[in-house]
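**Q** coords please:
(one chain, ligands or ions: 1)
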Amino acid sequence: MSKKLKTLKWESVPMEGFPVSMSDKLQGFVGLEECTEYGLDKDGKKSKKKKTTQKQKSTNKTTILQEKSLIPNKKVKLENGFIVEVCDIVKPSLTNEIKPIENKSIEKRKENQPIIRKDVNIQKIESKPKKRKLGDITKTCEKLTPEDMLSWAEFKLPEEIINALAELGFKKPTKIQQLTLPAAIHGRRDILGAAETGSGKTLAFGLPILSGIMKLKEKAESGLNVYEIPYKKTSVKRKATKEKVKIGRNKNKKIKTTEETSEGYSSGDDTENGKENKEEFIEEIEVPIRKKEVSHDEGNDSDEDYVHLSEMLDSDDLVETSDDEADTGDVNENDGEETDGVDEVDENGIGCVKVIDDVEMPGQVEVRTGKPLYALILTPTRELAIQISRHLIAAAKYTGIKVATIVGGMASVKQERVLRSGPEVVVATPGRLWELITQGQPHLQQLASVKFLAIDETDRMIERGHFEELQPLLERLNDDEAQRSTRQNFVFSATLTLVHDLPVHMKGKKVTKRGKIINRKIEKMTPQQKIKKLVTMIGMTDPKVVDITTENLGAAETLTECRIACALENKDSYLYYILKRHPGRTIVFCNSIGSVRRLIFGIILHYLGSELNSFTMYRLAQLLTLLKCSPLPLHASMPQRQRLKNLERFRDDPHGVLVATDVAARGLDIPDVDHVVHYQVPKTAENYVHRSGRTARASKEGLTILMMESSEAYTYAKLRRTLNKTTELPMFPVDERNMSSIRDLVRLARDVDAPRKEIDPSIDKALNIKKKQLESLLSRPIFPKGFSFKFPTLNTMEPEKTNENALQVMKNAIETGALKKEMRKSKNEPLLKLQKKFKK
Ligand SMILES: Nc1ncnc2c1ncn2[C@@H]1O[C@H](COP(=O)(O)OP(=O)(O)OP(=O)(O)O)[C@@H](O)[C@H]1O
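**A** Take a look at the predicted model:
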């Protein structure tokens, strides 16, 4: 303590409970002293003295109780047991969360003027900080004024939405939003949007839907029959020249042309070049003037308390479904190319076509409950549906629009209750939605009259063999031609225009059962054909297609890609190396539960000769648990509650490790994922793009590491071909000096984890020894500073390099690699010239 500080007067502070948990760093901490006299001015001294007297009194608990009136402030016990005093004018913040401030108070408050709230009472302080839910948007700390929001002005979004966007810190639209919002809001056109992962596609369809609903509700309030109001005109008046069909495969080639086409397909660069013409869009639609019909059950629902389903998912009364409602993650492994984990595939066939056939379809009867269902948003996974709901709820905060999430894995009774309150927007996965429709849920019987339909991750949704409920859903949606043609449709994905190679079994020659050899005529679709197919399937009319996927074909430009090539049995060791040497929020993707089972079986056979049956993806997580990596598994066979819990834990831990199947590959927006590791080469290029897209989101940087062994070389080559990668992915630099020791460690963990057939005391004894050995090894630093006889090779590692940022390491490696290449080239220049000369 400095001399100056010593001259001040200090008093010990009485403490009840301990403010922080005991940690190594805090050992030796014996108490807390408070400076009671700063010697600044007389008045100050007086007041301090007064406070000191009160402090002394407060040391005796019984005196406190007796002399209650002398205590100016109230005591509050925090969650950690620490008792603090609070004054009644400033609310102590227990979290870093930004508190929403009423718009009026923003206007009145001058800059930098602190907010003083007098309405804080003890109960408010005692209440727990609001738990962040999955899909909650992380608000930026930026304080946005109406002037800051001018970039949104051209879209003429309602003030309520702009206020919500300002609160979220969204100063300007992202590129895909900028390019699609004019056509969607003013032109009321169908939109087909392809933009890189993490580029804000959710609000690109969310904002037009919300603003459209607000317009329609306004009309309804003025007494019009909202069921009869067409949102979109069938005969859209548009200028003669339409946008050019063009796909942005190459940045340099992606230039807007003015050629005419019937497909309305745009590279998305038109607005950028200042060529977007307002003439293209129709004016406000004419609305038929008809009086509102009295609904047949209007009174029944009016007093129903509305609860957002996404909120219910976090509540304690969440009821998980029994096994017959649970999803399975495995896909039929003989089913062509796609073998990743899939949501919404029901073990007992509930929600599948077979069951649908048995149910009497209430479909043809037009139901009007008086609370119209304005918008339907379909997603491939439950987590994505929940996330999209939360994004929409945040943007619709001041609009009064209600959003419901309808997903499998939880009790449908509650979902029916939510639906009875008549939410304007339903975000759903196809299985549960269809189940409720076929059960005759009244709100959902209005499906055919929805004014907005959005299908997120559309390419995935329409894949053959998945989401069989989508077909009848689309049939129902498109049943009435008049309704269909006035519905606005949104179709979005990062890989909308990506077309992968045909699977081997569909290519080349085929030998028939009778031994006849026939040439297959199946050809790979072109991106335009893929788009056309989507347009027809969904029932879109004259969509505006905006494709701004760069040469990365949907992957973010801020993404750094690399790979690790190793033998199958060494994959775990390299994975462990990445996790320990470069800690960070990491997702490890496996192809599917089934594939992991097979893969690990290979490893076990190699080492132990054990059986495979019980060795699932969970086992990989178990191995990583033994190695103290605290992995969080996520696959479609897990109970829904656990899936959400694990995702939330992962989001809250900066060093979290999520071991997932492709159920987590698409759409999930978890902030600040540092690394995505493909433990296996994904079977399709789309999966590679989407998995990798869980990092490097919203213009942030991220790293993706593809782990491959020799048997995956073909899949890797195919992946490269589809993604137009002319060069190999660069190798991630691994310090090989550490690998043999790490391999020993991983092998030991595998031995400990090996499944056993019979109880044998001698094996038990050996196993216990191994366990102790493993514990002891893991208690030491993996990359130690000093010398160790056990791990001699590890001593070569410089201690300060044990926590390097993997992205930086990779970027440095790419730079040095490029530099070396340049040097080699310049060295060989005379030789190359000579070679050229001879060739001539
Ligand atoms: N205008 C905006 N300004 C700033 N951030 C935004 C804006 N719009 C969206 N975001 C944020 O960008 C992130 C990514 O958005 P979103 O999840 O919609 O991406 P996406 O394009 O759908 O990605 P994916 O293809 O992986 O599904 C989200 O955290 C979202 O809150």
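**Q** and the helices in the stretch 601-750 of the chain?
**A** 617-626, 640-652, 685-692, 713-722, 739-753 (DSSP state H, counting those that start in this stretch).
**Q** over to residue 636: give its phi and psi.
**A** Backbone torsions for residue 636, taken as degrees, to the nearest 10, come to phi -70, psi -20.
**Q** sorry, that was for residue 224
**A** The phi/psi pair for residue 224 (degrees, to the nearest 10) reads phi -80, psi 160.
**Q** re the thing from before, turn the helices of the stretch 601-750 of the chain into TSV, columns for distance to the ligand and mean pLDDT.
**A** For the C-beta atoms, the positions are set from N, CA and C on the backbone; glycine is no exception. Shown next, in TSV, are the helices of the stretch 601-750 of the chain (distance: least, CB to the nearest ligand atom, whole Å; pLDDT from 0 to 100):
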stretch	distance to the ligand	mean pLDDT
helix 617-626	22	81
helix 640-652	12	93
helix 685-692	7	94
helix 713-722	18	92
helix 739-753	32	89
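**Q** could I get the ones you listed in CSV, plus columns for mean neighbour count?
**A** Formatted as CSV, the helices of the stretch 601-750 of the chain follow (neighbours: other CB atoms under 10 Å):
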stretch, mean neighbour count
helix 617-626, 22
helix 640-652, 19
helix 685-692, 27
helix 713-722, 17
helix 739-753, 19
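**Q** could you dump those helices into TSV with distance to residue 182 added?
**A** Converted to TSV, the helices of the stretch 601-750 of the chain look like this (distance: least, CB to CB, whole Å):
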stretch	distance to residue 182
helix 617-626	45
helix 640-652	34
helix 685-692	27
helix 713-722	32
helix 739-753	54
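**Q** I figured residue 806 was touching residue 677, is that so?
**A** No - the pair residue 806 / residue 677 is not scored as a contact, 9.9 Å apart, by CB atoms under 8 Å.
**Q** overlap in contacts of those two?
**A** Counting by CB atoms under 8 Å, 6 or more residues apart in numbering, the common neighbours of residue 806 and residue 677 are 578, 705.
**Q** which among the helices of the stretch 601-750 of the chain is found nearest to residue 494?
**A** Nearest to residue 494, of all those, is helix 685-692, at 5.9 Å by CB to CB.
**Q** contacting residues around that closest one?
**A** 197, 340, 457, 459-460, 494-495, 498, 500, 553-556, 559, 561, 587, 589, 662, 665-667, 676, 678, 682, 702, 704, 706, 718-719, 722-723.
**Q** and the closest residue to the ligand within the stretch 51-200 of the chain, what pLDDT?
**A** At 3.2 Å from the ligand, residue 200 is the closest residue in the stretch 51-200 of the chain, using CB to the nearest ligand atom. The score at residue 200 is 95. That number is its pLDDT.
**Q** contacts only, for it.
**A** For residue 200, counting by CB under 8 Å, 6+ apart, the contacting residues are 173-174, 176-177, 698.
**Q** now, of these, which are buried?
**A** Among the contacts of residue 200, those scoring as buried are 173-174, 176-177 (criterion: 16 or more other CB atoms under 10 Å).
**Q** list the ones among those that fall in helices.
**A** Judged by DSSP state H, helices contain the following of these: 176-177.
**Q** and the buried ones among the contacts of residue 200 as JSON lines, adding distance to the ligand and pLDDT?
**A** Output for the buried ones among the contacts of residue 200, formatted as JSON lines (distance: CB to the nearest ligand atom, whole Å; pLDDT from 0 to 100):
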{"residue": "173", "distance to the ligand": "5", "pLDDT": "96"}
{"residue": "174", "distance to the ligand": "5", "pLDDT": "96"}
{"residue": "176", "distance to the ligand": "7", "pLDDT": "96"}
{"residue": "177", "distance to the ligand": "6", "pLDDT": "97"}
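**Q** and the two most separated of the buried ones among the contacts of residue 200?
**A** The largest separation in the buried ones among the contacts of residue 200, counting by CB to CB, is between 173 and 176 at 8.3 Å.
**Q** break the protein into its domains for me.
**A** 173-230+369-497+524-547, 560-603+619-779 (the TED database).
**Q** quick check: which of the ones you listed is buried the most?
**A** Comparing the domains of the chain by mean neighbour count (mean count of other CB atoms under 10 Å), domain 173-230+369-497+524-547 ranks first with a mean of 22.
**Q** would you mind measuring the gap between the ends of that domain?
**A** 16 Å (CA to CA, to the nearest Å).
**Q** distance of residue 476 from residue 697?
**A** As judged by CB to CB, to the nearest Å, residue 476 and residue 697 stand 34 Å apart.
**Q** do the same with residue 132
**A** 17 Å.
**Q** repeat that for residue 423.
**A** 28 Å.
**Q** residues contacting the residue of the stretch 501-650 of the chain found nearest the ligand?
**A** Among all residues of the stretch 501-650 of the chain, residue 554 sits closest to the ligand, at 7.7 Å; criterion: CB to the nearest ligand atom. Residues near residue 554 by CB under 8 Å, 6+ apart: 194, 196-197, 493-495, 498, 686, 689-690, 693.
**Q** give me the subset of the residues you listed lying in strands.
**A** If you go by DSSP state E, these have 194, 493 in strands.
**Q** now the residue of the stretch 501-650 of the chain closest to the ligand: which helix or strand?
**A** Element membership of residue 554 [criterion: DSSP states H and E] is none; it lies in no helix or strand.
**Q** what does the pLDDT read for it?
**A** 85.
**Q** near the ligand, which residues of this structure show up?
**A** Counting by CB under 6 Å from any ligand atom, the residues of the chain close to the ligand are 137, 170, 173-174, 177, 197-203, 494, 667, 669, 693, 697-698.
**Q** where's residue 805 relative to the ligand, distance?
**A** 22 Å (CB to the nearest ligand atom, to the nearest Å).
**Q** and the spatially closest residue to that residue that is not a sequence neighbour, what are its phi and psi?
**A** Spatial nearest neighbour of residue 805, excluding adjacent residues (CB to CB, 6 or more residues apart in numbering): residue 582 at 6.9 Å. Dihedral angles of residue 582 (phi, psi; degrees, to the nearest 10) stand at phi -130, psi 70.
**Q** likewise for residue 425?
**A** The phi/psi pair for residue 425 (degrees, to the nearest 10) is phi -120, psi 130.
**Q** for it, list the residues it contacts.
**A** 209-210, 213, 374-377, 392, 396, 401-404.
**Q** export these to TSV and tack on pLDDT and secondary structure?
**A** As requested, the contacts of residue 425 are exported to TSV (pLDDT from 0 to 100; DSSP: H, G, I helix; E, B strand; the rest coil):
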residue	pLDDT	secondary structure
209	97	helix
210	98	helix
213	96	helix
374	96	coil
375	97	strand
376	97	strand
377	97	strand
392	97	helix
396	97	coil
401	97	coil
402	96	coil
403	97	strand
404	97	strand
